[in-house]
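Novice: A structural model of the following input is requested.
(chains A and B, ligands or ions: 2)
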Number of protein chains: 2
Amino acid sequence: MTRLDNSRRIYPPTGPERTAQSWLTEAPLRMLMNNLHPDVAERPEELVVYGGIGRAARDWESFDRIVETLRRLKDDETLLVQSGKPVGVFRTHADAPRVLLANSNLVPRWATWEHFNELDRKGLAMYGQMTAGSWIYIGSQGIVQGTYETFAEMGRQHYGGDLTGRWLLTAGLGGMGGAQPLAAVMAGASCLVVECQESRIEMRLRTGYLDHGAETIEEAMAILDRAKAKGEPVSVGLLGNAAELLPELFSRGIRPDLLTDQTSAHDPVNGYLPIGWSVAEWFERREREPDAVARAARASMAVHVRAMLDFQAAGVPTVDYGNNIRQMAHDEGVGNAFAFPGFVPAYIRPLFCRGIGPFRWAALSGDPEDIYRTDAKVKELLPDDTHLHNWLDMARQRIRFQGLPARICWVGLGDRHHLGLAFNEMVAKGELKAPVVIGRDHLDSGSVASPNRETEAMRDGSDAVSDWPLLNALLNTASGATWVSLHHGGGVGMGYSQHAGMVIVADGTDAAARRLERVLWNDPASGVMRHADAGYEVAVACAREKGLDLPGILG
Amino acid sequence: MTRLDNSRRIYPPTGPERTAQSWLTEAPLRMLMNNLHPDVAERPEELVVYGGIGRAARDWESFDRIVETLRRLKDDETLLVQSGKPVGVFRTHADAPRVLLANSNLVPRWATWEHFNELDRKGLAMYGQMTAGSWIYIGSQGIVQGTYETFAEMGRQHYGGDLTGRWLLTAGLGGMGGAQPLAAVMAGASCLVVECQESRIEMRLRTGYLDHGAETIEEAMAILDRAKAKGEPVSVGLLGNAAELLPELFSRGIRPDLLTDQTSAHDPVNGYLPIGWSVAEWFERREREPDAVARAARASMAVHVRAMLDFQAAGVPTVDYGNNIRQMAHDEGVGNAFAFPGFVPAYIRPLFCRGIGPFRWAALSGDPEDIYRTDAKVKELLPDDTHLHNWLDMARQRIRFQGLPARICWVGLGDRHHLGLAFNEMVAKGELKAPVVIGRDHLDSGSVASPNRETEAMRDGSDAVSDWPLLNALLNTASGATWVSLHHGGGVGMGYSQHAGMVIVADGTDAAARRLERVLWNDPASGVMRHADAGYEVAVACAREKGLDLPGILG
Ligand SMILES: NC(=O)c1ccc[n+]([C@@H]2O[C@H](COP(=O)([O-])OP(=O)(O)OC[C@H]3O[C@@H](n4cnc5c(N)ncnc54)[C@H](O)[C@@H]3O)[C@@H](O)[C@H]2O)c1
Ligand SMILES: NC(=O)c1ccc[n+]([C@@H]2O[C@H](COP(=O)([O-])OP(=O)(O)OC[C@H]3O[C@@H](n4cnc5c(N)ncnc54)[C@H](O)[C@@H]3O)[C@@H](O)[C@H]2O)c1
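Specialist: Ligands and ions are numbered 1, 2, ... in the order given. Modelled structure (predicted):
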């Protein structure tokens, strides 16, 4: 078993010539390789795509064997991949998936990192994360888009969909948090991000995710004011400690229009700078006395959350962005820490109720023009969705492709299959240079059970019921997706989630059109169903409007 | 939500006329109803089929809605059932399953009885057991057959396949254990069962599962001796306490040919009579001082296991039959309690390695003659399998049908699809009065991860890896099974297992033949694959012999 091979450089084939027997097998082959493209994967030499140790294949031998098998796989055969290892080829039929994957699944009682790591050391396991082990990761475009959608939904809920002249206050410019200023500006809002490390501010300035740096509150507010006068959103990184600056901003009477936080509060030892400490001191004491650091960090988080609660009490829409800061403050005695909601129940769930989620596609040709043509097609088919048009324009302008050109767009039930059919027609007519693959993140409307994030606080209390993602995977298999996956532990780690992925190829054939119509309808519809069953009126209304047949739910 | 309705009596329709749009939907309808047939289900008025609270539908409203939906379901539609509730109908295609079910699945961290019960009380869950919630339970024939196969495999491993003149010593004539004397006799061995309750012995005598009762060792041994002289197997129930009688038998120099135990040792309060106690005393003290009873029972189990170890040391093949008695004795200080193996690793796994497991079919006509005709067909197609012929003859003679007539036969990869195709042809030619359904238990070669039972002590340590049953369900869906299910917690309870079921209809059409050929090959083949991957030579040899294409395993 070879897990590290520094000599390996993987690039997917591009262009209109196949290396496999059909596009239905060429597609997973290119997308597997794309996951390990040097511009896409975090540590490609170790097969790690993203998210800690999220891999695309169990080891290099398995990778080579998968490639070999996909190259010879016939149109009525299906390859089974078990935690990144190709274990079997079986005869199925033309409308069945070409690849079925199950990664990192463990019987619940043994579903811990300890047991997983033991299996992993023996070569019996692989952590698949969400889109790493299911071959549909497309780089950081996904993070920007997810954050953009959250901010846009905040705008819709609190400001009638128009964030012009408004501003968001947050903290943290790390791996995830760094997307906040760009996403806010894309959504039409200005953004003030408090960040304690100068290097993080500089990095985000350099890559164009952040517009300005500032050292004082005055300086930062002046930039925001000028932008407001011009009617143009702007982003500012303010150097400092959020636990110090938030109370200060509050006491000065400054009121943002939206408030959140993306410091790494979930990790009190390494993720949160205590009040009054220098960054150098923090780094140094982290090693020597981690418990003391954690204690100090937690106490500071309590101050931070109290300030957030003050802003909320003053009418500022406030949300926890999945970093567990409410829990930390609560443990420190802030009894009403959970007075502001988590971001999924507050902002993402209304989208999930309509089957809206991280829909995406990639051009197997490798040609950016193919994506620009599909961008234009999306605008043509959804002419009234200014929010979406805005995203497409901004994405083209500000987000660099990584590996095979790809696009992510949060669209829902009723739109997804239209787009898929249109792309398929473009392939048929030769308007695109090669077929496209269409998929989504596992974090989607009907495909995940994850009680600490995606299914937190479901209305009926069904947070932990994982029948839903399992049914989603079975349904996509029955509908004719090109590959389907079932994972455990993605996003929140071992024991905490189960989820399903699907990808389907638009190769321009009529057979593909029939499959696309079924899969890209059924997949988001199963998400609407799941939320309707939980009692969300938006989902029930959507189900009725779209004519879904939900016997036990709609009656 | 109505869970108890004493007015309901469910009988499946029988005969050649459909009440649904096709046999692919009539079949799940009849089998769901059959699971609730008064002769099949344990508490039909509560929808409980077997195994504690294993249900066929979540509540009576769901049952009615499922029936209604199956009656109208079209040939290109698929019904989704979530923990016994019909949640959606989706357009798929003719070769897709007509029903997809997921029952009792929970995200691992919440996969406990406590959380399940909480959901169950709210009407959000249903315990599906294995074949209860997946509509392919066929009554106690399955228990007799499973026990018969275990005893037959013991005979093959230790006595060249011939148990003539041999005898098995065991204890316990309860719900499961009561099958032992009949199964032993069917396998060709005599059987001495120690049972402490006279009522249990009488019950088994009355139903023909047991041939004789005895009050003393002398009396019992005389019956065994007479039978041996005649060359005919016989069964005897010996009234007494196993923990007293086993050491006594040993010290008298009596040596059985096989040794096991099915007292309810897993439950020391209610399941095991302590040495020196009367049954009346036991019943009475159980209520008043459960802890004292458990202490006394455990001490007696240690004595019992020491006797079993003595027999083993004297050369008697000895096995734990899944009642946890080794663990109990070990906790009492019997250091070498695990010197004898569990029954799955010892006797069932070699069968699983060849894809052999609890294959079964049912006659939708309701006519026993249909089963007798398929019995004859099995004999015709497998002319050399005397073991199987024996089972078929004995089953016909001694096992009463419950609900729709059905047959269970442990056959494996290479035989299952032949039988399925032959049955389909019989339907086509009008040799059977109506179509048959073909399925299996979830406890099968490739369909279960259950580290305390079916996947205990896997050679490579992959006991808890549940990718395998998930892949099995996806593959059966892709191959065209008529219904496919994914369950959690069957057999061993919440947190301890994940497993998949499948049923396929032989309606006599060519389309069904193509599906049968794929499904009844792929399903057992996936079990051979799972065991080959774990390193079992028998499975590797079987995979090579049958020409399986296992890239990462066979190379
Ligand atoms: N919402 C989501 O979907 C989602 C997804 C993944 C992660 N998260 C959570 O978001 C948080 C941020 O993730 P990340 O990947 O950006 O983490 P990261 O560790 O890369 O970045 C955290 C940043 O916060 C800064 N910081 C720490 N303490 C500070 C303080 N007191 N004042 C100002 N700045 C401070 C750090 O210098 C660092 O730059 C994590 O808790 C993570 O778990 C949310
Ligand atoms: N092998 C398998 O696949 C499998 C499946 C299910 C259950 N089991 C296990 O098998 C065991 C038996 O199951 P069951 O359903 O028959 O249980 P049960 O409780 O119905 O029957 C147990 C019987 O043992 C008798 N008994 C108790 N103590 C005794 C003693 N000291 N001497 C003699 N007889 C004694 C009881 O009177 C009773 O009749 C259980 O532990 C069960 O968990 C095994």
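Novice: Tell me the residue of chain A that sits nearest ligand 1?
Specialist: Nearest to ligand 1, among the residues of chain A, is A:Gly174, at 1.8 Å (CB to the nearest ligand atom). (Each C-beta comes from the backbone N, C-alpha and C, glycine too.)
Novice: May I have the residues that are in contact with that residue?
Specialist: A:Gly174 sits next to A:200, A:262-264 when contact means CB atoms under 8 Å, 6 or more residues apart in numbering or on different chains.
Novice: What segments of the stretch 1-150 of chain A are helices?
Specialist: Taking DSSP state H, counting those that start in this stretch as the test, the helices found in the stretch 1-150 of chain A are A:23-35, A:60-72, A:113-121, A:141-159.
Novice: and the third one, how far from the chain's centre?
Specialist: For helix A:113-121, the separation from the chain centroid amounts to 26 Å (computed by CA atoms, centre = their mean, to the nearest Å).
Novice: Please, where are all the strands along the stretch 1-150 of chain A?
Specialist: A:48-50, A:54-55, A:77-82, A:85-91, A:99-103 (DSSP state E, counting those that start in this stretch).
Novice: Tell me who's in contact with the closest residue in space to A:Ser190 that isn't next to it in sequence.
Specialist: Closest residue to A:Ser190 apart from its sequence neighbours, by CB to CB, 6 or more residues apart in numbering or on different chains: A:Trp167 at 4.0 Å. Residues counted as contacts of A:Trp167 (CB under 8 Å, 6+ apart) are A:189-192, A:224, A:228, A:256-258.
Novice: what's the spacing between the closest residue to A:Thr164 other than its chain neighbours and A:Tyr148?
Specialist: Leaving out its chain neighbours, the residue that sits closest to A:Thr164 by CB to CB, 6+ apart is A:Gly188, at 5.8 Å. Plainly put, A:Gly188 is 10 Å away from A:Tyr148 if you go by CB to CB, to the nearest Å.
Novice: When those two are compared, which one has more neighbours?
Specialist: A:Tyr148 (25 against 21; other CB atoms under 10 Å in any protein chain shown).
Novice: residues contacting that one?
Specialist: A:183, A:186-187, A:391.
Novice: Not counting its neighbours along the chain, what's nearest it?
Specialist: Nearest non-adjacent residue to A:Tyr148, counting by CB to CB, 6+ apart: A:Ala183, 4.1 Å away.
Novice: what about the residue nearest to A:Lys433 when sequence neighbours are not counted, neighbour count?
Specialist: Once flanking residues are discounted, A:Lys433 sits nearest to A:Ser365: 3.7 Å by CB to CB, 6+ apart. Applying other CB under 10 Å, we find 21 residues neighbouring A:Ser365.
Novice: and what of A:His266?
Specialist: Residues lying near A:His266 (other CB under 10 Å) number 14.
Novice: again with A:Ser140
Specialist: Using other CB under 10 Å, A:Ser140 is surrounded by 18 other residues.
Novice: swap in A:Met186?
Specialist: Here the number of neighbours of A:Met186 (other CB under 10 Å) works out to 24.
Novice: rewinding a little: next, give phi and psi for the residue nearest to A:Ser190.
Specialist: phi -140, psi 150 (degrees, to the nearest 10).
Novice: Next, work out how far apart it and B:Ala96 are.
Specialist: Look at A:Trp167 and B:Ala96: by CB to CB, they are 51 Å apart.
Novice: what do you get for A:Asn241?
Specialist: For A:Asn241, the distance to B:Ala96 (CB to CB) stands at 57 Å.
Novice: For the two, indicate the residue with more neighbours.
Specialist: A side-by-side neighbour count of A:Asn241 and B:Ala96, using other CB under 10 Å, places B:Ala96 first with 29 against 23.
Novice: Quick check: closest non-adjacent residue to A:Val503.
Specialist: Nearest residue to A:Val503, sequence neighbours excluded (CB to CB, 6+ apart): A:Gly439, at 3.6 Å.
Novice: So what sits opposite the one you found in the bridge?
Specialist: Assessed by DSSP bridges, A:Gly439 has beta-bridge partners A:Arg360, A:Val503.
Novice: Just the pLDDT for it.
Specialist: Per-residue pLDDT puts A:Gly439 at 98.
Novice: who's in contact with it?
Specialist: A:Gly439 sits next to A:136, A:360-361, A:501-504 when contact means CB under 8 Å, 6+ apart.
Novice: Neighbour-wise, give me the winner out of those residues.
Specialist: A:Gly501 (32 neighbours).
Novice: returning to what we had before: mean pLDDT lowest for which of the strands of the stretch 1-150 of chain A?
Specialist: Note on these: strand A:48-50 shows the lowest mean pLDDT, a mean of 92.
Novice: what's that one in contact with?
Specialist: With CB under 8 Å, 6+ apart as the test, strand A:48-50 has contacts from A:35-36, A:40-42, A:54-56, A:129, A:131-132, A:137.
Novice: I'd like to know how many residues surround the nearest residue to A:Trp135 once chain neighbours are set aside.
Specialist: In space, and not counting its chain neighbours, A:Trp135 is closest to A:Met31: 4.3 Å by CB to CB, 6+ apart. Residues contacting A:Met31 under the criterion other CB under 10 Å number 28.
Novice: picking up where we left off before, what would the strands of the stretch 1-150 of chain A look like in a markdown table with distance to ligand 2?
Specialist: Shown next, in a markdown table, are the strands of the stretch 1-150 of chain A (distance: least, CB to the nearest ligand atom, whole Å):
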| stretch | distance to ligand 2 |
| --- | --- |
| strand A:48-50 | 42 |
| strand A:54-55 | 37 |
| strand A:77-82 | 26 |
| strand A:85-91 | 28 |
| strand A:99-103 | 26 |
